[in-house]
Every structure is written in C-alpha cells, then in structure tokens.
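1. only geometry, no sequence info:
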C-alpha cells in the first residue's frame, strides 16, 4: 500500500482540534445548565440562593469568554439579561 501524503502536523492539528471541540462543548453545556438552574431559582422565592447562582454564572461566563469559548459580547449580554431577571425576581 502506498503512503498517503498527509503531513504529520495536519494530523496533530486535527487531533488537537477535536480535543478542543470536546472541551468547548462541555463548557458550553455547563454554562447552559447553570443558566437553567439560575432561571429556576429566580422563579422561586429564595433570593439569597439566586444571588449566589448569579455570581457563579457571571464568573463562569467571564472565564469562558477569556479563553475564547464564547464571545466577550455574548458573555456581557447574558450577564446583563440575567441581572435584569435578578432585579425583577427580587
């Protein structure tokens, strides 16, 4: 069988891209789950728990934006909308 003309660097790039895709997907899913629990808490009556969840969500959004998993403007938009939700819930 003849060898294919695939560069080693291309194989390594593909391997690293796949690892990054899985890592990014996991983080995005975590962010969505956190937002869902925050919205559920805001619908309830526990203001203290809602505030703690909001702080954790903001921190997670900032970290995801810092490493490029989501865009900075998207993180800021989500934080703003969640802050409005928090204000309404009080």
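-> Nice, I can see it. Only a predicted model underlies this, so the values are computations on that prediction, with no experimental measurement involved. Residues are numbered from 1 along each chain as shown.

2. low pLDDT regions in this protein?
-> Flagging of the chain using pLDDT under 70 yields the residue ranges 1-3.

3. what about the longest helix in it?
-> Longest helix of the chain, by residue count under DSSP state H: helix 8-43.

4. next SSE downstream of it?
-> Sequence-wise, the next helix or strand downstream of helix 8-43 (DSSP states H and E) is helix 47-67.

5. any idea which helix or strand comes after that next one?
-> Downstream of helix 47-67, the first helix or strand assigned by DSSP H and E is helix 72-89.

6. which residues touch that following helix?
-> Helix 72-89 is contacted from outside by 35, 38-39, 42-43, 47, 50-51, 54, 57-58, 61-62, 64-65, using Cβ atoms under 8 Å, 6 or more residues apart in numbering. Glycine gets a C-beta too; all of them are placed from N, C-alpha and C.

7. which of these are buried?
-> 35, 38, 42, 50, 51, 54, 57, 58, 61, 64, 65 (16 or more other Cβ atoms under 10 Å).

8. and the fifth one, how far is that from residue 4?
-> Summarising the geometry, the distance separating residue 51 from residue 4, computed by Cβ to Cβ, to the nearest Å, is 57 Å.

9. now the buried ones among the contacts of helix 72-89 in CSV, with distance to residue 20?
-> Below are these laid out as CSV (distance: Cβ to Cβ, whole Å):
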residue, distance to residue 20
35, 22
38, 27
42, 33
50, 33
51, 33
54, 28
57, 23
58, 24
61, 19
64, 13
65, 16
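
10. nearest to residue 26 among the residues you listed?
-> residue 64 (10.9 Å; Cβ to Cβ).

11. what residues are up against the closest one?
-> Neighbouring residues of residue 64 by Cβ under 8 Å, 6+ apart: 27, 28, 31, 70, 75.

12. what angle sits between the longest helix of the chain and helix 72-89?
-> Interaxial angle of helix 8-43 relative to helix 72-89 (axes from the mean of the first three to the mean of the last three Cα atoms, to 10 degrees): 10 degrees.

13. mind starting the numbering at 47 from now?
-> In the new numbering, first residue 47, that becomes helix 54-89.

14. tell me how many other residues surround residue 124.
-> By the criterion of other Cβ atoms under 10 Å, residue 124 has 18 neighbours.
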